[in-house]
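# Give me a 3D structure for the following:
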Amino acid sequence: MIIEFKDVCSKEGLQGLSLKLSVNDVSQLYDPSENLSRAILNAIMGLDEVLSGGIYIDGVGLPQFLDAGLQASFFGYVFDEGIMLSNLSLYENLMLPIRWLHPDMDDDEINTKIKALMTLFGLNLDLSFRPVRYRAGDLKLLSFVRCLLIEPKVLLIDDPYYILNKRERSVLYRVLGLLREKYSMLIASIDDDFGRGFANEIIDLSEYQEYFIIS
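The predicted model follows:
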């Protein structure tokens, strides 16, 4: 998959960014500032308003890509903090995206997938509880479960190690190593050690900082 930014200015702060990303295995956006890489991922997902220029996914303009609903089936986005809605149970949080994409999928099939993924991440959580019951690290790993339930083609991961302790980082590194056999990944991270040991391509955004302005 080729993702190309052509002179993109956005509401979130991109200022004339031109960048071509080839996402075929594991690519890391190494960004010491964190801001530019997060803005790039948000723009790809349509979470940032493009004011001028264009973003193209395999040659298709982002507006057409979004209008067709392709971003939901192509991309699985894991935010740096995981993000679970506090007014819903963990189970309801997991069900939101998969019910939207696959409203007719059998509950037993979904529950079997959830159980398998939770086992993969070493999670033993009561899904009937709300997020406040559990640690931030547990919720972050659970957000990977939510993302993988929809079986996207590309994983977009913002700062994978953020809020995880040493054990959780080890678990995540191991699982991502298994998942790379099935999924392409675009990972935004300030951890260059993570990239050197895992990514097959590292895009250093240090030289692109002039193309992002914090408003």
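# the helices in the protein, which residues?
Along the chain, counting by DSSP state H, helices occupy 35-44, 62-67, 70-74, 90-101, 107-120, 136-149, 166-179, 192-198.
# From Arg174, how far off is the closest residue to Leu141 other than its chain neighbours?
Once flanking residues are discounted, Leu141 sits nearest to Phe121: 4.8 Å by Cβ to Cβ, 6 or more residues apart in numbering. For glycine as for every other residue, the C-beta is placed from the backbone atoms N, C-alpha and C. Phe121 sits 10 Å away from Arg174, going by Cβ to Cβ, to the nearest Å.
# what about those two, which has more around it?
Shown here are Phe121 and Arg174; by other Cβ atoms under 10 Å, Phe121 has more neighbours (20 against 13).
# Can you pull the phi/psi pair for that one?
phi -90, psi 0 (degrees, to the nearest 10).
# Quick check, it in contact with Val175.
Yes. Phe121 lies in contact with Val175 (Cβ atoms under 8 Å); the separation is 6.0 Å.
# which neighbours do those two share?
When contacts are counted by Cβ atoms under 8 Å, 6 or more residues apart in numbering, Phe121 and Val175 are jointly contacted by Phe144.
# picking that back up, and the residue nearest to Leu141, what does it touch?
141-142, 144-145, 171-172, 175.
# Give me the local confidence score for it.
Per-residue confidence (pLDDT) for Phe121: 97.
# cool, and the one 3 residues further on?
You'll see Asn124 listed with a pLDDT of 96.
# Quick one: neighbours of it, just the number.
8.
# how close does it sit to Gly61?
Separation of Asn124 from Gly61 (Cβ to Cβ): 44 Å.
# Output the contacts of Phe121 in TSV; the columns should cover distance to Leu101 and neighbour count.
As requested, these are exported to TSV (distance: Cβ to Cβ, whole Å; neighbours: other Cβ atoms under 10 Å):
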residue	distance to Leu101	neighbour count
Leu141	21	24
Leu142	18	24
Phe144	17	24
Val145	15	22
Val171	26	19
Leu172	24	21
Val175	22	17
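# wait, which of the residues you listed is closest to Lys6?
Nearest to Lys6 among those: Phe144, at 31.4 Å, using Cβ to Cβ.
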